[in-house]
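Asker: Sequence plus the predicted model coming up.
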Amino acid sequence: MTDAATPTRKRQDYEATLDQSDASVAAFEHGHKSLMEKVQSALHGNPTMVPVIVLLASIGVFGLLAGGKFFSPFNLSLILQQVSIIGILAAAQSLVILTAGIDLSVAAIMVLMSVIAGTLAVDVGVPAPLAIGISLGGGVAAGLMNGFLVTRIKLPPFIVTLGTWNIFFALNLWLSGAQSIRSQDIDAKAPLLKFFGTTMAFGSARITYGAVLMVVVFVVLWYLLNKTAWGRHVYAVGDDKEAAELAGIRADHTLLSVYGAAGLVCAIGAWASIGRVGSVSPQSFYEANLHSITAVVIGGISLFGGRGSILGALFGALIVGVFQSGLRLVGVDVLWQVFAIGWLIILAVAIDQWIRKVSA
């Protein structure tokens with residue numbers, strides 16, 4: 001009995017020794033992390049920290065360079081106004097990027113829905129609330145079209161949305177006849193379309209309802225993504241679609257809902273854009289697709305999906321606004337403002353890659 005039990009006992013002792021060795025190594029590694037490794041781990045667990053730090057640093061730097069002009073209530077409120085539309089589009093873009101996709105059609109959807117709302121309300125005579133409702137429904141339909149092609153036809157999101165960007169842009173030129181709807185006509189027939197351009201005065205600060213809407217959109221989406229089962233499914237699908245399906249998540253259903261929600265947010269942005277511009281132009285916000293992606297990337301949301309907070313896109317949009325305002329106030333040419341934003345994008349992606357190495 002004793003001899004027979006000896007090999008088993010030795011094996012158990014050997015395995016116990018290995019477990020203790022592994023625990024010792026792990027404890028050693030944990031206790032001897034360098035400062036950069038600790039920072040890397042902290043940022044991996046809290047990716048929104050990066051854009052917050054960059055935003056605060058950029059505010060401090062431009063505050064020193066531009067003096068009191070930068071910190072004036074008027075200038076700070078102007079930054080909010082300027083980033084409101086791009087911020088709303090960045091919220092829509094974030095939803096798709098969190099699922100490891102990308103949507104190149106967000107701006108085209110927004111402009112098309114503004115043209116639909118303006119044409120119905122001003123040219124056709126449809127009551128403004130109904131015209132806005134139709135445009136919101138159209139935004140959902142456009143998003144679901146993208147989602148259908150991605151989930152059912154199994155086409156890559158990049159190719160799908162590149163194609164629909166052209167489709168939606170052509171439709172908006174056709175519907176509008178490539179003609180803008182003037183501000184005077186909107187004021188006379190459908191002033192509700194310009195509601196989000198209404199300004200509230202707080203001393204010398206001027207806050208538009210559109211800026212408030214942007215914040216509300218981000219807060220609502222943050223709640224949905226962090227406090228509901230749908231939000232957990234979105235992150236799971238973006239992190240690993242196959243694993244999510246094995247866990248019982250209907251991945252394609254989740255993706256379809258994400259594209260539909262993104263389309264709705266774009267349509268909300270369409271209403272806000274009319275107030276921001278004061279008119280309906282079929283060729284406005286032509287580069288907003290790239291600007292929305294810029295805000296998302298700078299905001300710390302991973303292009304590989306499944307990581308990041310949607311609030312990061314809000315901070316990303318604000319960073320771009322702060323850079324543009326600060327550089328303008330210190331006299332930097334527009335060309336070099338674009339140059340600086342380009343390097344900011346590259347730096348943001350490099351930081352994201354570095355942070356991801358923690359889980360590699």
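Answerer: Alright, I've got the coordinates. This is a predicted model, so every value here is computed, not measured.
Asker: Now do the strands in the stretch 51-200 of the chain.
Answerer: Using DSSP state E, counting those that start in this stretch, the strands of the stretch 51-200 of the chain run over 199-202.
Asker: That one: helices as residue ranges?
Answerer: 68-71, 73-97, 106-118, 128-151, 157-176, 183-189 (DSSP state H, counting those that start in this stretch).
Asker: Just name the most buried of those helices.
Answerer: Neighbour counts (mean count of other C-beta atoms under 10 Å) averaged over each of the helices of the stretch 51-200 of the chain peak at helix 106-118, with a mean of 30. Yep, even glycine has a C-beta here, placed from its N, CA and C like the rest.
Asker: by how many degrees do it and helix 73-97 diverge?
Answerer: On the basis of axes from the mean of the first three to the mean of the last three C-alpha atoms, to 10 degrees, helix 106-118 is oriented at 110 degrees to helix 73-97.
Asker: Output the contacting helices and strands for helix 106-118.
Answerer: helix 73-97, helix 128-151, helix 157-176, helix 251-277, helix 288-298 (3 or more C-beta pairs under 8 Å, 6 or more residues apart in numbering; DSSP states H and E).
Asker: Please produce TSV containing these, extended by distance to residue 324 and mean pLDDT.
Answerer: Shown next, in TSV, are the helices and strands packed on helix 106-118 (distance: least, C-beta to C-beta, whole Å; pLDDT from 0 to 100):
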stretch	distance to residue 324	mean pLDDT
helix 73-97	7	94
helix 128-151	27	97
helix 157-176	24	94
helix 251-277	16	96
helix 288-298	11	89
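Asker: Quick one: closest of those to residue 36.
Answerer: Ranking the helices and strands packed on helix 106-118 by proximity to residue 36 (C-beta to C-beta) places helix 288-298 first, at 21.5 Å.
Asker: From the chain's centre, how far out is whichever helix or strand comes after the closest one? Work that out for me.
Answerer: Next along the chain after helix 288-298, taking DSSP states H and E as the criterion, comes helix 310-329. In terms of C-alpha atoms, centre = their mean, to the nearest Å, the centre of helix 310-329 is found 13 Å from the chain centre.
Asker: CSV please, covering the helices and strands packed on helix 106-118 and showing distance to residue 217.
Answerer: Listed next are those as CSV, based on distance: least, C-beta to C-beta, whole Å:
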stretch, distance to residue 217
helix 73-97, 5
helix 128-151, 13
helix 157-176, 20
helix 251-277, 6
helix 288-298, 13
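Asker: Nearest to residue 321 among those helices would be which one?
Answerer: That would be helix 73-97 among these, by C-beta to C-beta, at 4.0 Å.
Asker: And the closest one, what does it pack against?
Answerer: Partner elements for helix 73-97 (3+ C-beta pairs under 8 Å, 6+ apart): helix 106-118, strand 205-208, helix 209-227, helix 251-277, helix 288-298, helix 310-329.
Asker: OK, contacts around residue 268?
Answerer: 88, 136, 139, 213, 217 (C-beta atoms under 8 Å, 6 or more residues apart in numbering).
Asker: that older thread, looking at the helices of the stretch 51-200 of the chain, which is closest to residue 345?
Answerer: Closest among the helices of the stretch 51-200 of the chain, once you apply C-beta to C-beta, is helix 73-97, at 13.2 Å.
Asker: which stretches of this structure have low pLDDT?
Answerer: 1-33, 39-40, 42-45, 47, 356-360 (pLDDT under 70).
Asker: how much space between residue 312 and residue 63?
Answerer: 22 Å (C-beta to C-beta, to the nearest Å).
Asker: Would you point out the most distant pair within the contacts of residue 268?
Answerer: 139 and 213 (14.6 Å).
Asker: Extract the CA atoms of stretch 154-171 and return them as PDB.
Answerer: Presented in PDB, the C-alpha positions along stretch 154-171 are these (Å, rounded to 0.1, in the frame of the first residue of the first chain):
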ATOM      1  CA  LYS A 154     -21.800  39.500 -44.700                       C
ATOM      2  CA  LEU A 155     -20.000  42.500 -46.400                       C
ATOM      3  CA  PRO A 156     -17.300  44.300 -44.500                       C
ATOM      4  CA  PRO A 157     -18.500  47.500 -42.700                       C
ATOM      5  CA  PHE A 158     -15.900  49.600 -44.400                       C
ATOM      6  CA  ILE A 159     -17.000  48.600 -47.900                       C
ATOM      7  CA  VAL A 160     -20.700  48.800 -47.100                       C
ATOM      8  CA  THR A 161     -20.600  52.300 -45.600                       C
ATOM      9  CA  LEU A 162     -18.300  53.500 -48.300                       C
ATOM     10  CA  GLY A 163     -20.900  52.500 -50.900                       C
ATOM     11  CA  THR A 164     -23.900  53.900 -48.900                       C
ATOM     12  CA  TRP A 165     -22.000  57.100 -48.400                       C
ATOM     13  CA  ASN A 166     -22.100  57.600 -52.100                       C
ATOM     14  CA  ILE A 167     -25.700  56.500 -52.400                       C
ATOM     15  CA  PHE A 168     -27.000  58.800 -49.600                       C
ATOM     16  CA  PHE A 169     -24.900  61.700 -50.900                       C
ATOM     17  CA  ALA A 170     -26.300  61.300 -54.400                       C
ATOM     18  CA  LEU A 171     -29.900  61.000 -53.000                       C
END
